[in-house]
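Trainee: Sequence below, structure please.
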Amino acid sequence: MTTAPASFALHVPDAELEPEPLDPGQIVSGSPEVTGKVVWESADGRQIRGVWQITPGVVTDTEADELFVVVSGRATVEVEGGGVLEVGPGDAAVLRAGDRTTWTVHETLRKAYHINLG
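Mentor: Prediction:
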């Protein structure tokens with residue numbers, strides 16, 4: 001993880017990721033596995049950039065304020081009380097802080113993200 005304001009480049013499809021175990025209460029169906037890597041974090045910890053991946057299955061989450069771009073894979077993200085996002089390679093999506101979501105991952109999904117924790 002980098003906390004310095006240095007510029008950098010990362011080839012997202014080949015980035016090595018670390019296991020990020022899901023809370024079993026988030027798993028609706030299947031045996032999804034999550035991996036990820038924080039590649040930059042602001043000094044105050046309120047801004048985080050990284051890479052995240054999830055294998056097929058269905059999970060629930062409560063979102064942070066996030067912008068992400070899908071690099072590979074495909075998923076349907078249902079936002080409680082909102083819309084349904086169909087995301088795949090090249091798609092950018094924004095999730096609002098507090099959104100309750102259900103992710104149906106059809107093909108292992110990898111995304112690059114920026115999270116704002118306020």
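Trainee: Could you tell me the average pLDDT over the longest strand along the chain, please?
Mentor: As far as residue count goes, and with DSSP state E defining each element, the longest strand of the chain is strand 100-116. The pLDDT scores in strand 100-116 average 98.
Trainee: List the buried residues for that strand?
Mentor: Buried residues in strand 100-116, defined by neighbour count with 16 or more other C-beta atoms under 10 Å: 101-105, 108-113, 115. (C-beta placed from N, C-alpha, C; glycine too.)
Trainee: So in that sheet, which strands flank that strand, and in what orientation?
Mentor: strand 47-54 (antiparallel), strand 57-62 (antiparallel), strand 65-79 (antiparallel) (DSSP bridges).
Trainee: For Leu85, which of the ones you listed is the nearest?
Mentor: Leu85 lies closest, by C-beta to C-beta, to one member of the strands paired with strand 100-116: strand 65-79, at 4.3 Å.
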